[in-house]
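> give me a 3D structure for the following:
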Amino acid sequence: MTQFVTEMDAYTEERRLIALATSRILDEMDVAQLTQAELARRIGVTDAHVSQVLSGSRNMTLRTLATFALGCGFTWDISAWRAATCVTYTRTPEPVAAGHEVQYARGSAAGALPTELTREAA
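Numbering: from 1, shown residues only. Sure thing, here's the model as predicted:
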């Protein structure tokens, strides 16, 4: 029999992922000794915007996750679990300093970022 995902299932999983991501961002801010004001300055938003995202009152999109991570000096890895298997995909860009900003080197294939993609079974 097919089991369908309910709205409540999706909402619960969304809240869990947001809590995990927010916790990681706060941990990385601590490691980098960043205040919310400094993170806001680095990523070009207001202090209020950072505060709203971290408190959950503003939507956390994939773009937000990427921007906050880069502002803190880290990147994300994505892991998914099904039964007893863990599949992890890792993308590791090569940073290149350009002036006082950090940009990422582009690969030659259609302007793609250089990546290292791994799939591991745990």
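
> buried residues in the longest helix anywhere in the chain?
For the chain, the longest helix by residue count, based on DSSP state H, is helix 7-31. Neighbour counts over helix 7-31 (16 or more other Cβ atoms under 10 Å) mark 21-22, 24-25, 28-29 as buried. C-beta: built from backbone N, CA, C; applies to glycine.

> can you give me the strands in the chain?
With DSSP state E, the ranges of strands along the chain come out as 78-82, 85-89, 95-98, 101-104.

> quick one on the thing from earlier: max pairwise distance over the buried residues of helix 7-31: which two?
21 and 29 (12.6 Å; Cβ to Cβ).

> where does the prediction get shaky in the chain?
Within the chain, the ranges that satisfy pLDDT under 70 run 1-2, 83-122.

> what's the domain layout of it?
Annotated domains of the chain cover 1-74, 77-122 [automatic domain parsing].

> show me what contacts residue 21?
Taking Cβ atoms under 8 Å, 6 or more residues apart in numbering as the contact definition, residue 21 lies against 60, 65.

> repeat for residue 72
Contacts of residue 72 by Cβ under 8 Å, 6+ apart are 25, 28-29, 31-32, 34, 39.
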